[in-house]
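Q: sequence first, then the predicted structure, then my questions.
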Amino acid sequence: MENSTLLIYKAIGAVQNIISNATTLDEALQESLKAIVSHSGSQGGAIWYADKSDGNRLRPFYWIGPVDLTRRSHVPGDGSVGRVFESQKAERIFDFNPLEDVETAIDFAGMPVSSMVCVPFSNNVEDLGVIQFVNGPNSEPFNDEIADVMEIMAMMAAIAIAENEALAEPWQPGEIVMELRDITREFQNGDIITKVLKGVNLDVYEGEFLVLLGESGCGKSTLLNIIGGMDSATSGTFTYLDKDLSNATQDELTEFRRDNVGFIFQSYNLMPNLTALQNLKLIAELVENPMDSDTALEVVGLEERKKNYPSQMSGGQQQRVSIARALVKNPKIILADEPTAALDYATSIEVLQVMEEVVKRGTTLVMVTHNEEITRMADRVVRMRDGRMHEVTINRRPAHATDLVW
Ligand SMILES: Nc1ncnc2c1ncn2[C@@H]1O[C@H](COP(=O)(O)OP(=O)(O)OP(=O)(O)O)[C@@H](O)[C@H]1O
Ligand SMILES: [Mg+2]
């Protein structure tokens, strides 16, 4: 490890800078956690908020690590996070033996924990929650110096944001629609094997708007294709509702896809020799319980264009037809891979407004994008890095499409 005094000054400096520039407590905490995790080389970190409407049950709204904590919660007094909230005293565990203390071992959604620091935070009026850091670099234990920085961060956040805006109700995940565990995907070309997904643990919740973000090549499209049954994982388990599809045959995947999933791509893939309405009707005939094609065109605001061929429509209009085509299946879940990448700003907003409407109607939407601004609309944002989930944010105040600017 680098000279630890230097490291501490750097981390404190970074946190100070973040907190003086932050406009909300959420932002102050989130950015500080990110800075400390990166300075200390921690393997994970999470911010747990007390849900005042539910006996101060602690729920996560932001975390870093290859795990899905969305549905995890702690009761005050129970486990390290719960104890720290109740006592308002930090806890440091540097040499944790998972074999001896099973309860703490599962604290970070199955990620083995050898070292942990939990710090309470408040806004000087009431106790708000707990910040948790898990495992130093290469699973090495934390030391007291870095634990001091973690405590100082929580205090600084509390002091700097004296006037805390009212906290929004915490977002509550719906039922789990899809469950992915330890999903890997390798591609073989001759003798060369490329590992693209390296162990993804993700749940998708009923009715949520989930945005997947990450650098080009990190595996977003590969993951989306597995979620949609267009591709199979090399290993791991994939469950849709109560159905285990981990070892599904091609035919079973085709059936799953046809009955439950709608797709939207960057290229609209409409049939050029069919009108907008005919493009929809073609799909409606293939499924059991379709939405009326005219209604689907109304949802996307194109009822007047139903007799137009794709070549007679703008890019944004064609993309809206392709959204309507996904809707016509009445799917439980819609998957969109960079649906606005080929569109200009104004047209993108039009398409995103339609997406917003789709989610409002109760459809689960998973969207891949490169556009950071679009993350503001999501209920949850999953950032991927090198084939794994790296960071998850739960937006407690999702923005409207019309609020986005780029
Ligand atoms: N069929 C395949 N055979 C070999 N390699 C593949 C295959 N499909 C994807 N890959 C590789 O897997 C990696 C991840 O690809 P993927 O398309 O999932 O990335 P992505 O995150 O969607 O990137 P982008 O943002 O550029 O769309 C890339 O390095 C890609 O070259
Ligand atoms: Mg892609």
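A: Cool, got the structure. Numbering: from 1, shown residues only. Ligands and ions are numbered 1, 2, ... in the order given.

Q: which residues are in contact with T275?
A: 306-309 (C-beta atoms under 8 Å, 6 or more residues apart in numbering). In this view, the C-beta of every residue, glycine as well, is placed from N, C-alpha and C.

Q: can you pull the domain assignment for this protein?
A: Segmentation of the chain into domains, based on automatic domain parsing, reads 4-160, 176-403.

Q: buried ones among the contacts of T275?
A: Buried by 16 or more other C-beta atoms under 10 Å: 306, 308-309, out of the contacts of T275.

Q: reformat those residues as JSON lines; add distance to ligand 1.
A: Shown next, in JSON lines, are the buried ones among the contacts of T275 (distance: C-beta to the nearest ligand atom, whole Å):
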{"residue": "K306", "distance to ligand 1": "32"}
{"residue": "N308", "distance to ligand 1": "30"}
{"residue": "Y309", "distance to ligand 1": "29"}
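
Q: return the closest of those with respect to L327.
A: Checking those against L327 by C-beta to C-beta gives K306 as the nearest, at 14.2 Å.

Q: and the nearest residue to the closest one once chain neighbours are set aside, helix, strand or coil?
A: Excluding its sequence neighbours, the residue lying closest to K306 (C-beta to C-beta, 6 or more residues apart in numbering) is L277, at 4.0 Å. Here L277 is recorded as helix under DSSP: H, G, I helix; E, B strand; the rest coil.

Q: L277 against K307, yeah?
A: Yes - in this structure L277 lies within contact range of K307 using C-beta atoms under 8 Å: 6.8 Å.

Q: just give me the neighbour total for Y240.
A: By other C-beta atoms under 10 Å, 20 other residues sit near Y240.

Q: I misspoke; the intended subject was R383.
A: 18.

Q: quick one on the thing from earlier: got a list of what the residue nearest to K306 touches?
A: L277 touches 293-294, 297, 306-307, counting by C-beta under 8 Å, 6+ apart.

Q: wait, isn't N225 in contact with D231?
A: Yes - between N225 and D231 there is a contact at 4.0 Å, judged by C-beta under 8 Å.

Q: wait, a helix at S232?
A: No - counting by three-state DSSP, S232 is located in no helix; its state is coil.

Q: that older thread, got the buried ones among the contacts of T275 as CSV, with pLDDT columns?
A: Formatted as CSV, the buried ones among the contacts of T275 follow (pLDDT from 0 to 100):
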residue, pLDDT
K306, 95
N308, 97
Y309, 97
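
Q: these in helices, which ones?
A: Among the buried ones among the contacts of T275, DSSP state H puts none in helices.

Q: ok, so of the residues you listed, who is nearest V405?
A: For these, the nearest to V405 is N308 (30.3 Å; C-beta to C-beta).

Q: so what's the closest residue to the closest one other than its chain neighbours up against?
A: Ranked by C-beta to C-beta, 6+ apart and with sequence neighbours excluded, the top spatial neighbour of N308 is A276, at 5.6 Å. Contact analysis of A276 by C-beta under 8 Å, 6+ apart lists 270, 297, 302, 305-310, 313, 321, 324.

Q: 6 Å - rerun?
A: 305-306, 308, 321 (C-beta atoms under 6 Å, 6 or more residues apart in numbering).
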